[in-house]
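> here is a sequence with its predicted model. Questions after.
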Amino acid sequence: MKCDVYLSFDGNCEEAMNFYQSVFGGEFSVVMRYSDGPPEYMSEGTEDKIMHMTLSFSDGAELKGSDVFHQPVVKGNAYHVSMGSDSDEQGEAFFNGLSEGAEITMPFQNVFWGGKFGSLVDKFGIQWMISTPHTGA
């Protein structure tokens, strides 16, 4: 079984996914615009918007997203995207990269359960949790 994160945007999916690639790396394995699909899925002004986009990582993880026009995008708070890093340095780089224009909800720091952890709401309204491995005994 595999579980992926799928994000919905109100017209800025491509900008957001390019930003996430600049923070996390990875390669786009799928970039499908509304103009690539059947005409009934496209409305005036959505031709160049993203119907589906997948950012793939070497370990098999994927971050997916799309611009959603059939219903309003409501930015909620009942979710976080949780990213585990391989090291403190990588975790700090992820956190600092996402911090541009973000609201920090917990600074990236050592935590009592081991490793480092931080959380924030990025400039696109997406909630992130960044953690590093527990390195203690």
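Done, it's in. Numbers count the residues shown, from 1 in each chain.

> which residues touch the closest residue to Tyr41 other than its chain neighbours?
Leaving aside its sequence neighbours, Tyr41 sits nearest to Tyr34 (CB to CB, 6 or more residues apart in numbering; 6.0 Å). To be clear about C-beta, it is placed using only N, CA and C from the backbone, and glycine gets the same treatment. Residues counted as contacts of Tyr34 (CB atoms under 8 Å, 6 or more residues apart in numbering) are Tyr41, Met42, Thr46, Glu47, Asp48, Lys49, Ile50, Met51, Asp67.

> now the buried members of those.
Met42, Thr46, Lys49, Ile50, Met51, Asp67 (16 or more other CB atoms under 10 Å).

> where do the helices of the chain begin and end?
For the chain, helices defined by DSSP state H occupy the ranges 13-24, 88-98.

> to Gln127, which of those helices lies closest?
helix 88-98 (10.4 Å; CB to CB).

> between the closest one and helix 13-24, how big is the angle?
Angle of helix 88-98 versus helix 13-24, following axes from the mean of the first three to the mean of the last three CA atoms, to 10 degrees, is 150 degrees.

> residues contacting helix 88-98, please?
With CB under 8 Å, 6+ apart, helix 88-98 has contacts from 22-24, 83, 85, 108, 115-116, 118, 120, 122, 128, 130-132, 135.

> in that helix, what's buried?
Gln90, Gly91, Glu92, Ala93, Phe94, Phe95, Gly97, Leu98.

> just the mean pLDDT for it, thanks.
Mean pLDDT, computed over helix 88-98, is 96.

> what's the most distant pair in the buried ones among the contacts of Tyr34?
So, those by CB to CB: farthest apart are Met42 and Ile50, at 12.0 Å.

> what ranges of the chain fall below the confidence cut-off?
1, 135-137 (pLDDT under 70).

> let's see that with 90 instead.
Applying pLDDT under 90 to the chain flags residues 1-5, 10, 36-47, 59, 68-80, 112-114, 133-137.

> strands of that one, start to end?
5-9, 27-33, 50-56, 62-67, 81-84, 103-110, 116-121, 127-131 (DSSP state E).
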